[in-house]
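Novice: Curious how this folds, go ahead:
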Amino acid sequence: MTGELRLTVRGVTEAAADVVLIDLARPDGGALPRWAPGAHLDVVLPGGLGERQYSLCGDPAETDMWRIGVLREEAGRGGSVWLHERAPGDTVTVRGPANHFTFEPFPGREYVFVAGGIGITPIAAMVRAAEAAGVTWRLLYAGRSRGTMAFLEELVGRHRDRVQVFAGDEGVRADIPALLAESPDAVVYACGPARLLAAVEEACAGRPSGHLHLERFEAKVLGAPVFDEPFEVELLLSGITVTVPPERSILEVVEEAGVLALSSCRVGTCGTCETPIIDGEVDHRDSVLSPEEQDDNFAMMICVSRAACPRITIEL
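Specialist: Presented below is the predicted three-dimensional model:
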């Protein structure tokens with residue numbers, strides 16, 4: 001992930017009810033870091049509101065502009081409302097891009113994209129990449145109504161035979177198990193509300209490793225930790241060892257010890273606090289890493305994940 005960038009709002013476009021597309025560019029019009037479908041930006045908000053993650057949904061080939069889609073959530077924490085109030089010429093500070101939902105189309109493979117509501121933002125870029133690569137794909141797109149579904153007109157207009165629309169106010173529900181059973185060998189990419197992703201995950205339970213990729217807006221419901229006792233964490237780069245009690249996170253303890261650790265969501269959904277594991281077994285409790293990545297035990301999200309043994313060493 002790059003450092004902070006202060007970008008200028010180049011344009012704001014209404015994409016659907018309560019959804020705007022915000023185009024961001026360097027003040028001097030220079031090139032921005034490249035990104036791939038599935039990437040997101042951390043938007044740094046003013047007034048102590050922290051950071052929020054928004055998927056890049058434009059064209060990666062456009063190196064002078066980034067586009068994010070933002071759903072206005074009146075009952076949220078204030079970030080989306082602030083972004084909806086931006087106008088051309090305003091300044092927005094971002095970090096990124098980062099990508100824990102990477103899409104790379106391979107010739108000969110079939111892909112099924114599943115999007116719910118604002119979950120279409122990363123999927124839209126994937127559809128564009130799949131079409132450009134000439135691979136077989138289809139999109140299952142669900143929303144409350146057609147008027148709330150961003151990119152719908154464009155997607156249906158260009159790819160009518162590949163896009164299935166499920167609008168709740170029309171009484172059309174997506175039978176996820178049946179729909180995914182139509183493509184038993186496909187690689188599935190899904191983004192949307194927790195209920196939709198749970199259905200996708202259950203329907204894909206028998207697929208081979210690497211055939212399901214999810215991006216969550218909400219943290220998974222967690223059970224009891226594997227190791228429910230205090231454990232030690234050696235911070236290799238800082239040269240200190242801290243003790244983490246059951247009621248606190250590694251992130252909280254290392255911050256209290258004066259160690260700088262990047263973080264954002266603090267609930268295991270954004271990936272900002274990802275930290276390499278040097279030694280020890282980890283109880284992965286994040287909603288970012290795939291099961292295969294968690295099994296690799298290469299990195300952990302220190303805001304929620306814990307040790308599964310009395311002592312671990314991490315690169316911090």
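
Novice: and the gap between residue 217 and residue 53?
Specialist: Computed with C-beta to C-beta, to the nearest Å, the distance linking residue 217 and residue 53 is 9 Å. In short, each C-beta sits where N, CA and C put it, glycine included.

Novice: swap that for residue 242, please
Specialist: 27 Å.

Novice: gap between residue 157 and residue 163?
Specialist: As defined by C-beta to C-beta, residue 157 lies at a distance of 9 Å from residue 163.

Novice: same question, residue 294
Specialist: From residue 294 over to residue 163 (counting by C-beta to C-beta), the distance is 32 Å.

Novice: The two - which one has more neighbours?
Specialist: When residue 294 and residue 163 are compared on other C-beta atoms under 10 Å, the one with more neighbours turns out to be residue 163, at 21 against 18.

Novice: Tell me which residues touch that one, please.
Specialist: For residue 163, the contacting residues are 138-139, 141, 155-156, by C-beta atoms under 8 Å, 6 or more residues apart in numbering.

Novice: just residue 140 next, same as before
Specialist: Under the contact definition (C-beta under 8 Å, 6+ apart), the residues listed for residue 140 are 112-115, 164, 166, 174, 176, 179.

Novice: Once you drop chain neighbours, what's closest to residue 74?
Specialist: residue 81 (6.9 Å; C-beta to C-beta, 6 or more residues apart in numbering).

Novice: quick revisit: shared neighbours of residue 217 and residue 53, which are they?
Specialist: With C-beta under 8 Å, 6+ apart, residue 217 and residue 53 have common neighbours residue 269.

Novice: Do I have it right that residue 162 meets residue 141?
Specialist: No - look at residue 162 against residue 141 with C-beta atoms under 8 Å: they stay out of range, at 10.6 Å.

Novice: Comparing those two, which shows the higher neighbour count?
Specialist: residue 141 (28 against 16).

Novice: tell me the secondary structure for that one?
Specialist: In three-state terms, and counting by DSSP: H, G, I helix; E, B strand; the rest coil, residue 141 is strand.

Novice: swap in residue 21?
Specialist: Using three-state DSSP as the criterion, the local structure at residue 21 reads strand.

Novice: what's it in contact with, if anything?
Specialist: If you count contacts by C-beta under 8 Å, 6+ apart, residue 21 has them with 11-15, 57, 67-70, 150.

Novice: Let's have the residues you listed in CSV, adding distance to residue 227, pLDDT and neighbour count.
Specialist: Formatted as CSV, the contacts of residue 21 follow (distance: C-beta to C-beta, whole Å; pLDDT from 0 to 100; neighbours: other C-beta atoms under 10 Å):
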residue, distance to residue 227, pLDDT, neighbour count
11, 50, 97, 14
12, 48, 97, 17
13, 49, 96, 11
14, 49, 96, 11
15, 45, 96, 25
57, 40, 96, 25
67, 43, 98, 22
68, 38, 98, 23
69, 40, 97, 23
70, 39, 97, 26
150, 43, 97, 28
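
Novice: just those now: which is nearest residue 277?
Specialist: Sorting the contacts of residue 21 by distance to residue 277 puts residue 68 at the head of the list, at 31.1 Å, by C-beta to C-beta.

Novice: SS state for that closest one?
Specialist: Reducing the assignment at residue 68 to three states with three-state DSSP gives strand.

Novice: Residue for residue, what is the longest helix the protein has?
Specialist: Once the chain is assigned using DSSP state H, the helix that runs over the most residues is helix 120-133.

Novice: From the rest of the structure, what touches that helix?
Specialist: 36-40, 54-60, 68-69, 101, 103, 105, 107, 111, 113-115, 137, 139, 141, 149-151, 155, 159, 189, 191, 215.

Novice: I would like a ChimeraX command selecting only the buried ones among these, please.
Specialist: To isolate the buried subset of these in ChimeraX, counting by 16 or more other C-beta atoms under 10 Å, use the following:
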select :36,37,38,39,40,54,55,56,57,58,60,68,69,101,103,105,111,113,114,115,137,139,141,149,150,151,155,189,191,215
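
Novice: For the protein, which segments are assigned as helices?
Specialist: Counting by DSSP H, the chain forms helices over residues 79-84, 120-133, 152-158, 176-181, 194-203, 250-256, 291-296, given from the N-terminal end onward.

Novice: Between the ones you listed, which one is closest to residue 210.
Specialist: Smallest distance to residue 210 across those (C-beta to C-beta): 6.1 Å, for helix 291-296.

Novice: residues of that closest one that come out buried?
Specialist: So for helix 291-296, counting by 16+ other C-beta under 10 Å, buried means residue 294.

Novice: One more: stretch 29-47?
Specialist: The neighbour-count criterion (16+ other C-beta under 10 Å) identifies 32, 35-45 as the buried residues of stretch 29-47.

Novice: These in strands, which ones?
Specialist: Here DSSP state E is the test, and the buried residues of stretch 29-47 give 40-44 as lying in strands.

Novice: re the thing from before, could you identify which of the helices of the chain is most buried?
Specialist: For the helices of the chain, ranked by mean neighbour count under the definition mean count of other C-beta atoms under 10 Å, the leader is helix 120-133 at a mean of 23.
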